[in-house]
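A.B. asks: Could you work out the structure for the sequence below:
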Amino acid sequence: MRVLHLLLLALGLLLSQLGPGAGELTALGQWSDSYICARKGGTCNLSPCPLYNRIEGTCYRGKAKCCIR
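C.D. replies: Predicted coordinates for the structure are as follows:
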């Protein structure tokens with residue numbers, strides 16, 4: 001009986017692991033704004049964008065700026 005419990009525990013732990021990027025989906029079919037910024041080649045900054053960069057949206061649910069060169 002203990003072997004069965006150990007097998008079930010191992011199976012549960014294996015299935016509970018999320019795949020890479022699974023946390024980026026905020027809702028069904030919707031990507032987070034931080035992910036979109038990174039896909040465009042930008043960086044998320046809480047401070048103003050560095051020199052020669054432009055603001056191209058927001059990050060972290062609107063708390064930061066997406067800066068793109």
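
A.B. asks: Going by C-alpha atoms from here, please, whenever you check contacts or count neighbours.
C.D. replies: OK.

A.B. asks: tell me, how many neighbours does Gly42 end up with?
C.D. replies: If you count neighbours by other CA atoms under 10 Å, Gly42 ends up with 21.

A.B. asks: Now do the same contact list for it.
C.D. replies: Neighbour list for Gly42: 66-69 [criterion: CA atoms under 8 Å, 6 or more residues apart in numbering].

A.B. asks: so what's it closest to, chain neighbours aside?
C.D. replies: Leaving aside its chain neighbours, Gly42 sits nearest to Ile68 (4.4 Å; criterion: CA to CA, 6 or more residues apart in numbering).

A.B. asks: partner residues bridging the one you found?
C.D. replies: Note on Ile68: beta-bridge partners Arg54, judged by DSSP bridges.

A.B. asks: mind checking pLDDT for it?
C.D. replies: On pLDDT, Ile68 comes in at 95.

A.B. asks: Please give me every residue in contact with it.
C.D. replies: 40-43, 53-56.

A.B. asks: What about Cys49, how many residues nearby?
C.D. replies: 18.

A.B. asks: from what I can see it touches Lys65, true?
C.D. replies: Yes - in this structure, Cys49 is within contact of Lys65 by CA atoms under 8 Å, at 7.4 Å.

A.B. asks: So which residues of this structure form helices?
C.D. replies: Along the chain, counting by DSSP state H, helices occupy 2-16, 33-39.

A.B. asks: Could you export the ones you listed as a markdown table, including mean pLDDT, mean neighbour count and distance to Tyr60?
C.D. replies: Formatted as a markdown table, the helices of the chain follow (pLDDT from 0 to 100; neighbours: other CA atoms under 10 Å; distance: least, CA to CA, whole Å):
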| stretch | mean pLDDT | mean neighbour count | distance to Tyr60 |
| --- | --- | --- | --- |
| helix 2-16 | 77 | 10 | 25 |
| helix 33-39 | 92 | 17 | 6 |
